[in-house]
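Student: Could you look at this predicted model? Sequence included:
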Amino acid sequence: MRTRELVATCSRGLEEVLAGEVLDLGGLRVEAGRGMVRFHGERQTMIRSCLGLRAAMRILIPVASGSAGDREQLYRLAGRVAWEDYLTPGGTLAVNVAGRNSAFGNTVFAAQVVKDAVVDRIRQRTGGRPSVDLVKPHVPIHLHLREGEASISLDAAGTPLSKRGYRPKGGPAPLNSALAAGLLLLADYDGERPLLDPMGGTGTFGAEAAMIATRMAPGLYRRFAFERWPDHRQDLLVKVRRDLEALQRPAPCPIVSADHDPKALKVAKQNLGAAGVTQWVDVVPGEATAMVPPGEGSLIVINPPYGKRLGEAGALKGLYSALGDRLKAIGGNSTAWILAGNRELSKSIGLKASRRIPVFNGPIECRWMRFDLYEGSRRVGREDNSLVMSAEKAEE
């Protein structure tokens, strides 16, 4: 079976962990870029990528790239693709646009140009024409614009892979599922140590941790755009699903999602149930500033508020300081990771981070910060960086 180029997109900062995932599932010639990982694989690799990648947002199949300095160039570029291999008369399409190109100040216009080229080609070759369906198209098309250039890809998944299906539409989603999973992978979480999210909210970290710990593929039971393509191989999809199901196991260590808000706890339980991981995650009430890890050597993950609205940052300094004080008292050879979206607030934690990894939560540039927690305090010395330090001297 022939291989072809594939692209997995992700939140910026997760490229290396995504590249590791791609290698693990059999991707060839893997190369991490900015917000994406490029690789090669057979059809089965594409299917496995859609079902099994945790940190990926989309799985794209490039079909054309070249000059796109004006409407005519983009139209010709799109028109060269053999769309009749993927789309039949009466089928549907949608064009998603990312990136920028000064020739197309309005991305809706760029999408319209590609749509016209696809429709015209199908009509010329078959006598019929497809239509647009923005909700569930047979062929989702991804257009990426750069200055003077464009690349066009098929979107194999359709709905972004971050939409696992366990969070209700329209609900609060401060942290998308793929980013949460990627952060856990950056923290080297594999389920072999207890995990606590003391600001668990609606359970996203808990759900993703449970899927990692039980080796449940995040896209195992959802549907994908490639299933609606004329050349879809249902036998391969069934095989990949069975192979992934065979990898599952019970979670070896406790996973706890805590929050002080009763409404959030209720939604978290519903989400964990929809994800099929209720039995592996304890949802408990509690204040983050009084957190108690579920065991020796626990991994603690925290996504605190960033204070982006006017006046919020000042009010949150006390919370960050209290979180730091509680972490200092925990010890137990635990490790805490905090997603800091506000540089000044992160200084109020009062601990020295052993790692700071730049990541993006949507448009917000954050730091995924690691704190190594030990029993008691460690004496400051020339060869020993103290865990506890003043906020004024906190690492920038």
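Tutor: That came in fine, so what should we check first?
Student: is it true that Leu154 touches His142?
Tutor: Yes. Contact criterion C-beta atoms under 8 Å: Leu154 and His142 qualify, at 7.4 Å. C-betas here are computed from N, CA, C, even on glycine.
Student: tell me, what's touching the two both at once?
Tutor: Residues touching both Leu154 and His142 (C-beta atoms under 8 Å, 6 or more residues apart in numbering): Leu60.
Student: At which residues are the strands of the stretch 251-396 of the chain located?
Tutor: Assigned by DSSP state E, counting those that start in this stretch, the strands in the stretch 251-396 of the chain fall at 255-259, 282-285, 299-302, 335-340, 355-361, 364-372.
Student: domains for this protein, by residue range?
Tutor: Following automatic domain parsing, the chain resolves into domains at 4-155, 177-214+249-393.
Student: What's the mean pLDDT across the last one?
Tutor: Spelled out, that is domain 177-214+249-393. Domain 177-214+249-393 comes out with an average pLDDT of 88.
Student: likewise stretch 66-86?
Tutor: In the prediction, stretch 66-86 has an average pLDDT of 95.
Student: Check the offset of that stretch from the chain's centre.
Tutor: 30 Å (C-alpha atoms, centre = their mean, to the nearest Å).
Student: what about it, start to end distance?
Tutor: Distance across stretch 66-86, first residue to last, is 21 Å (C-alpha to C-alpha, to the nearest Å).
Student: hmm, back to that, JSON lines for the strands of the stretch 251-396 of the chain, including mean neighbour count?
Tutor: Formatted as JSON lines, those follow (neighbours: other C-beta atoms under 10 Å):
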{"stretch": "strand 255-259", "mean neighbour count": "26"}
{"stretch": "strand 282-285", "mean neighbour count": "16"}
{"stretch": "strand 299-302", "mean neighbour count": "25"}
{"stretch": "strand 335-340", "mean neighbour count": "23"}
{"stretch": "strand 355-361", "mean neighbour count": "16"}
{"stretch": "strand 364-372", "mean neighbour count": "19"}
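Student: how about these in JSON lines, adding distance to Gln234?
Tutor: Formatted as JSON lines, these follow (distance: least, C-beta to C-beta, whole Å):
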{"stretch": "strand 255-259", "distance to Gln234": "34"}
{"stretch": "strand 282-285", "distance to Gln234": "37"}
{"stretch": "strand 299-302", "distance to Gln234": "38"}
{"stretch": "strand 335-340", "distance to Gln234": "40"}
{"stretch": "strand 355-361", "distance to Gln234": "37"}
{"stretch": "strand 364-372", "distance to Gln234": "39"}
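Student: Among the ones you listed, which comes closest to Trp229?
Tutor: Taking C-beta to C-beta, strand 355-361 is the member of the strands of the stretch 251-396 of the chain nearest to Trp229, at 31.4 Å.
Student: Contacts for that closest one, please.
Tutor: Here strand 355-361 makes contact (C-beta under 8 Å, 6+ apart) with 11-14, 174-175, 179, 182-183, 186, 339, 341, 365-370, 395.
Student: hmm, 6 Å instead?
Tutor: Outside of strand 355-361, the residues within contact range by C-beta atoms under 6 Å, 6 or more residues apart in numbering are 11-13, 186, 366-370.
Student: ok, now stretch 286-302?
Tutor: Applying C-beta under 6 Å, 6+ apart, the external contacts of stretch 286-302 come out as 189, 193-199, 205, 254, 256, 258, 260, 322, 326, 332-338.
Student: Kindly report the same for stretch 42-54.
Tutor: Counting by C-beta under 6 Å, 6+ apart, 1, 3, 6, 21, 25-26, 59, 156-157, 181, 217-220, 224, 236-237, 240 sit against stretch 42-54.
Student: Narrow those to just the buried residues.
Tutor: The neighbour-count criterion (16 or more other C-beta atoms under 10 Å) marks 6, 21, 25, 59, 156-157, 181, 217-220, 224, 236-237, 240 among the contacts of stretch 42-54 as buried.
Student: where along the stretch 1-150 of the chain do the helices fall?
Tutor: With DSSP state H, counting those that start in this stretch as the criterion, the stretch 1-150 of the chain has helices at 15-24, 43-52, 71-79, 107-126.
Student: ok and the second one relative to helix 15-24, angle-wise?
Tutor: To tie it back to what came earlier, the one meant is helix 43-52. Computed by axes from the mean of the first three to the mean of the last three C-alpha atoms, to 10 degrees, the angle separating helix 43-52 from helix 15-24 equals 130 degrees.
Student: how far does helix 43-52 sit from the chain's center?
Tutor: 16 Å.
Student: Quick check: mean pLDDT of that helix?
Tutor: Averaged across helix 43-52, pLDDT comes to 97.
Student: same deal with the first one?
Tutor: Rounded to a whole number, the mean pLDDT of helix 15-24 is 98.
Student: Which neighbouring elements make contact with that helix?
Tutor: Helix 15-24 is packed against strand 28-32, strand 36-41, helix 177-186, with contacts defined by 3 or more C-beta pairs under 6 Å, 6 or more residues apart in numbering; DSSP states H and E.
Student: Next up, the contacts around the spatially most central residue of the chain.
Tutor: Nearest to the geometric centre of the chain sits Ala178, at 2.1 Å (C-alpha atoms, centre = their mean). Contacts for Ala178 (C-beta under 6 Å, 6+ apart) come out as 55, 57, 161-162.
Student: about what we covered before: switch the contacts of strand 355-361 over to JSON lines; also include distance to Gln270.
Tutor: Shown next, in JSON lines, are the contacts of strand 355-361 (distance: C-beta to C-beta, whole Å):
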{"residue": "Ser11", "distance to Gln270": "25"}
{"residue": "Arg12", "distance to Gln270": "31"}
{"residue": "Gly13", "distance to Gln270": "30"}
{"residue": "Leu186", "distance to Gln270": "28"}
{"residue": "Cys366", "distance to Gln270": "27"}
{"residue": "Arg367", "distance to Gln270": "31"}
{"residue": "Trp368", "distance to Gln270": "28"}
{"residue": "Met369", "distance to Gln270": "30"}
{"residue": "Arg370", "distance to Gln270": "31"}
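Student: follow-up on the earlier one: and the strands of the stretch 251-396 of the chain: which comes nearest Gln112?
Tutor: Per C-beta to C-beta, nearest to Gln112 of the strands of the stretch 251-396 of the chain: strand 355-361, 28.9 Å.
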